[in-house]
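Asks: Following is a predicted model, sequence given first.
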Amino acid sequence: MTALATAASIMPDGLAAERLLVDLAAQLRAGGLVPYLGPALACLAPVAAPTTHEALADFFAAKVALPRRAKGNAWAAAQHIESTRHRSTVSALMAEAFRPPVAPTALHRHLAALGVPLIVDTWYDGAMRAALAASRASWGEVQGITRAGIGEDRWYRFYDAGGRETTRDAASAWETVLYKPHGGVDPVRNFLITDADYVEVLTEIDIQTPIPDIVKERRHGRGFLFVGCRFHDQLLRTYARQVSKRSADRHYVVVEPATLTRNEVKFFAAQGLTPVAVPLPRAVEILCGAVA
């Protein structure tokens with residue numbers, strides 16, 4: 001039996017998966033799970049911005065002539081643009097790609113209303129920030145930043161709800177911390193996207209240096225719920241593994257079984273991730289609407 005067939009045979013699906021999501025919704029409300037949001041969540045709202053790494057690679061290819069090795073790979077495409085032009089060109093193209101606002105989905109709004117201690121958002125759009133801004137929550141944001149800037153010696157920056165840069169001490173008072181490890185278009189266009197951006201991060205991430213202390217503190221004792229995520233690339237798997245390190249030992253991921261790769265299935269098994277086979281729109285409906 002193949003890895004995919006084995007996974008399918010033990011994966012909660014149908015009513016069993018929906019019942020599990022009802023329980024996970026209760027854990028979210030109680031603050032026992034950390035939501036880890038991927039780019040596919042934006043597909044549930046009208047959106048003009050890219051919603052996959054492949055779509056972002058296509059955006060780069062439409063703007064700049066790319067060598068064959070860089071086509072279809074957003075990180076390699078961005079690296080080629082930085083190497084042959086300038087970092088400012090990469091930043092300008094990223095800002096253009098994510099200039100169209102992404103409306104918060106029902107799940108974004110639900111999480112903002114819950115006031116959960118920590119939200120991890122791995123895409124570059126501003127939907128989660130917009131949902132938090134419209135809520136009454138006390139919140140702020142910490143973003144991963146490129147170290148390509150001259151004299152830059154930090155891994156991340158903190159921003160308050162108004163988009164002003166602040167300190168790690170201020171973050172300790174926030175009810176909700178929004179963590180965007182790859183940066184984001186708002187409030188000041190921080191982007192980790194080129195291969196070079198990730199060289200130092202991946203060198204240090206195993207010892208957790210690039211992970212903010214506030215994230216380490218708030219993940220402790222909590223499981224993770226991955227929604228709208230894919231892990232078909234080693235970089236994506238590495239970030240998920242390191243961000244969720246030293247947390248609880250039970251994690252869950254909403255999946256579409258037909259799209260899974262063997263590497264994803266192996267990753268789930270290695271990381272103790274329970275795949276929950278429910279279509280994303282239905283999963284969001286349950287997570288937002290389930291009652292205790």
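Replies: Great, that's in hand.
Asks: gap between the two ends of stretch 125-136?
Replies: 21 Å (C-alpha to C-alpha, to the nearest Å).
Asks: Can you give the distance from that stretch to the centre of its chain?
Replies: 15 Å (C-alpha atoms, centre = their mean, to the nearest Å).
Asks: and that stretch, which residues are buried?
Replies: 125, 126, 127, 128, 129, 130, 131, 132, 133, 135 (16 or more other C-beta atoms under 10 Å). (C-beta placed from N, C-alpha, C; glycine too.)
Asks: How about residues contacting whatever helix or strand residue 81 lives in?
Replies: In the assignment (DSSP states H and E), residue 81 maps to helix 74-84. With contact meaning C-beta atoms under 8 Å, 6 or more residues apart in numbering, helix 74-84 is reached by 53-54, 56-57, 60-61, 64, 66-67, 69-71, 89-90, 93-94, 148, 193-196, 198, 235.
Asks: if I look at the closest residue to residue 239 other than its chain neighbours, how far off is residue 245?
Replies: What sits nearest to residue 239 in space, not counting adjacent residues and going by C-beta to C-beta, 6 or more residues apart in numbering, is residue 181, at 6.0 Å. With distances taken as C-beta to C-beta, to the nearest Å, residue 181 is found 13 Å from residue 245.
Asks: Which of those two has more residues huddled nearby?
Replies: For residue 181 versus residue 245, the count of surrounding residues by other C-beta atoms under 10 Å is larger for residue 181: 25 against 14.
Asks: quick one, what contacts that one?
Replies: Residue 181 neighbours (C-beta under 8 Å, 6+ apart): 120, 122, 143, 144, 192, 210, 211, 239, 243.
Asks: Ramachandran coordinates for the last one?
Replies: This means residue 243. Per-residue torsions, residue 243: phi -70, psi -30 (degrees, to the nearest 10).
Asks: these two touch, right, it and residue 35?
Replies: No. Taking contacts as C-beta atoms under 8 Å, residue 243 lies outside contact range of residue 35: 12.0 Å.
Asks: Count the neighbours of residue 45 for me.
Replies: Residues near residue 45, counting by other C-beta under 10 Å: 16.
Asks: Show the pLDDT at it.
Replies: pLDDT for residue 45: 89.
Asks: what's it in contact with, if anything?
Replies: Residue 45 touches 102, 103, 104, 105, 127, counting by C-beta under 8 Å, 6+ apart.
Asks: Now for residue 17, which secondary structure element holds it?
Replies: Using DSSP H and E, residue 17 falls in helix 14-29.
Asks: Each with direction, which strands does the helix or strand following that helix pair with?
Replies: The C-terminal neighbour of helix 14-29 among helices and strands, as given by DSSP H and E, is strand 33-37. Using DSSP bridges, strand 33-37 pairs in its sheet with strand 118-121 (parallel), strand 223-227 (parallel).
Asks: Now find how far off-centre strand 33-37 is within its chain.
Replies: 9 Å.
Asks: Likewise for stretch 33-41?
Replies: For stretch 33-41, the distance to the chain centre is 6 Å (C-alpha atoms, centre = their mean).
Asks: confidence score at residue 137?
Replies: At residue 137, pLDDT is 85.
Asks: cool, residue 119 as well?
Replies: 99.
Asks: quick one: it and residue 31 touch, right?
Replies: No. Using C-beta under 8 Å, residue 119 makes no contact with residue 31, being 11.4 Å away.
Asks: more crowded one of these two?
Replies: Using other C-beta under 10 Å, the more surrounded residue of residue 119 and residue 31 is residue 119, with 24 against 14.
Asks: hang on, the earlier thing: what's in contact with the helix holding residue 17?
Replies: 11-12, 33, 35, 111, 114, 116, 223, 225, 252, 254, 274, 276-278, 282-283, 286-290, 292.
Asks: May I have that helix as PDB, with CA atoms only?
Replies: Backbone C-alpha positions of helix 14-29 (Å, rounded to 0.1, in the frame of the first residue of the first chain) are rendered in PDB as follows:
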ATOM      1  CA  GLY A  14     -16.900  12.600   6.300                       C
ATOM      2  CA  LEU A  15     -18.900  12.900   9.500                       C
ATOM      3  CA  ALA A  16     -15.900  11.800  11.700                       C
ATOM      4  CA  ALA A  17     -13.800  14.700  10.400                       C
ATOM      5  CA  GLU A  18     -16.600  17.200  10.900                       C
ATOM      6  CA  ARG A  19     -17.100  16.000  14.400                       C
ATOM      7  CA  LEU A  20     -13.400  16.400  15.000                       C
ATOM      8  CA  LEU A  21     -13.600  19.900  13.700                       C
ATOM      9  CA  VAL A  22     -16.400  20.800  16.100                       C
ATOM     10  CA  ASP A  23     -14.100  19.700  18.900                       C
ATOM     11  CA  LEU A  24     -11.200  21.700  17.400                       C
ATOM     12  CA  ALA A  25     -13.500  24.800  17.200                       C
ATOM     13  CA  ALA A  26     -14.100  24.500  20.900                       C
ATOM     14  CA  GLN A  27     -10.400  24.200  21.600                       C
ATOM     15  CA  LEU A  28      -9.900  27.400  19.500                       C
ATOM     16  CA  ARG A  29     -12.400  29.200  21.500                       C
END
